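# I would like to see how this sequence folds:
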Amino acid sequence: MLARYLAEYQHQLNSAVNPIRAAGMSAYMKHQFSFIGIPTPTRRKLIKTVEVAAVQQCCKADLLELAQALWQLPEREYHYCAIELLVRGQLSLAALPVIEQFICTQSWWDSVDTLASKVVGDLARREPELIPQLDQWQTSKHLWLRRTAIIYQLSWKTATDEARLFQACYINRTDPDFFIRKAIGWALRQYARTAPQAVIEFVAQTPLSPLSQREALKHCNTQTQST
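Residues are numbered from 1 along each chain as shown. Down below sits the predicted model:
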């Protein structure tokens, strides 16, 4: 069954190969990945039927196996398909090793940010026992696990664990990597939509990089003036 689904993914996406667009997409990603050349809306339309069927007919373990098979294919569009299977599948804690594998391989912001906010974040809300593991990721040697630990609460709004968010940002405040500094600013900026004064006070008390600070406070003036 899994081989049939995988073949159907390949059939649908290979029907829309566009070498010129693929070259541009690869260049945009700094030539780290090869592409088929399919824009996201077109890709989702092409694979909608097979994706829905897989989610409805496969058990959780088989969905994970299918996602891993897609992840092993070279073109980036298949990686996006794998991630979207994880999003649709609403998997359990048993999926964590696969999620971590996806975060740590084929890694770039386009995959990790979706995995963090839509897969890890959703799983942590449904399965709070995952959160101590995410606390450990705050100090991981792996850049993309640290970024995940910082941004997985992006969509949590009033459910955000403020102490954990601020802790992740504080622990990583001196990291020189652009993606960590941007993640700190992004996570704080998003939380500022819910609690602007708390973010303003945290930034005032924490020696963040100029990038993190600028991103964190981007909308705070508007937010505080309207409250």
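
# For the closest residue to residue 105 other than its chain neighbours, grab the count of nearby residues.
Nearest residue to residue 105 in three dimensions, chain neighbours excluded: residue 71, at 7.6 Å (Cβ to Cβ, 6 or more residues apart in numbering). C-beta here means a position set from N, CA and C on the backbone, and glycine is covered the same way. Number of residues near residue 71 (other Cβ atoms under 10 Å) recorded here: 20.

# so who does residue 71 touch?
Shown in contact with residue 71 (Cβ atoms under 8 Å, 6 or more residues apart in numbering): 78-79, 82, 101-102, 105-106.

# could I get the residues you listed as TSV with pLDDT and distance to residue 208?
TSV is the format used below for the contacts of residue 71 (pLDDT from 0 to 100; distance: Cβ to Cβ, whole Å):
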residue	pLDDT	distance to residue 208
78	98	37
79	98	32
82	98	34
101	97	31
102	98	29
105	97	30
106	96	30
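
# farthest-separated two in those residues?
Greatest spacing in those, by Cβ to Cβ: 78 and 101 (15.0 Å).

# the more surrounded of these two?
It is residue 78, of residue 78 and residue 101, that has more neighbours when counted by other Cβ under 10 Å, with 23 against 12.

# list the helices and strands the host helix or strand of the more buried one packs on?
Applying DSSP states H and E as the criterion places residue 78 in helix 76-89. With contacts defined as 3 or more Cβ pairs under 8 Å, 6 or more residues apart in numbering; DSSP states H and E, helix 76-89 has these neighbours: helix 2-14, helix 40-57, helix 60-71, helix 96-104, helix 109-114.

# give me that answer again for 7 Å
helix 2-14, helix 40-57, helix 60-71, helix 109-114 (3 or more Cβ pairs under 7 Å, 6 or more residues apart in numbering; DSSP states H and E).

# Name the surrounding residues that touch that helix.
Contact with helix 76-89 is made by 9, 13, 33-36, 38, 43, 47, 51, 54-55, 60, 63, 66-67, 70-71, 95, 99, 102, 106, 111, 114-115, 118-119, as judged by Cβ atoms under 7 Å, 6 or more residues apart in numbering.

# For that helix, buried residues please.
Neighbour counts using 16 or more other Cβ atoms under 10 Å place 76-86, 89 of helix 76-89 among the buried residues.

# Below-threshold pLDDT in this structure: ranges please.
For the chain, residues meeting the criterion pLDDT under 70 lie at 222-227.

# Just give the closest residue to residue 209, not the sequence neighbours.
Nearest non-adjacent residue to residue 209, counting by Cβ to Cβ, 6+ apart: residue 181, 4.7 Å away.

# scratch that, residue 216
Counting by Cβ to Cβ, 6+ apart, residue 216 lies nearest to residue 188, which is 3.5 Å off, once chain neighbours are set aside.

# quick one, what contacts the one you found?
Contacts for residue 188 (Cβ under 7 Å, 6+ apart) come out as 169, 199, 203, 216.

# ok, the first one touching residue 151?
No. The pair residue 169 / residue 151 is not scored as a contact, 10.1 Å apart, by Cβ atoms under 7 Å.

# what do these two both touch?
Both residue 169 and residue 151 are contacted by residue 187, under the criterion Cβ under 7 Å, 6+ apart.
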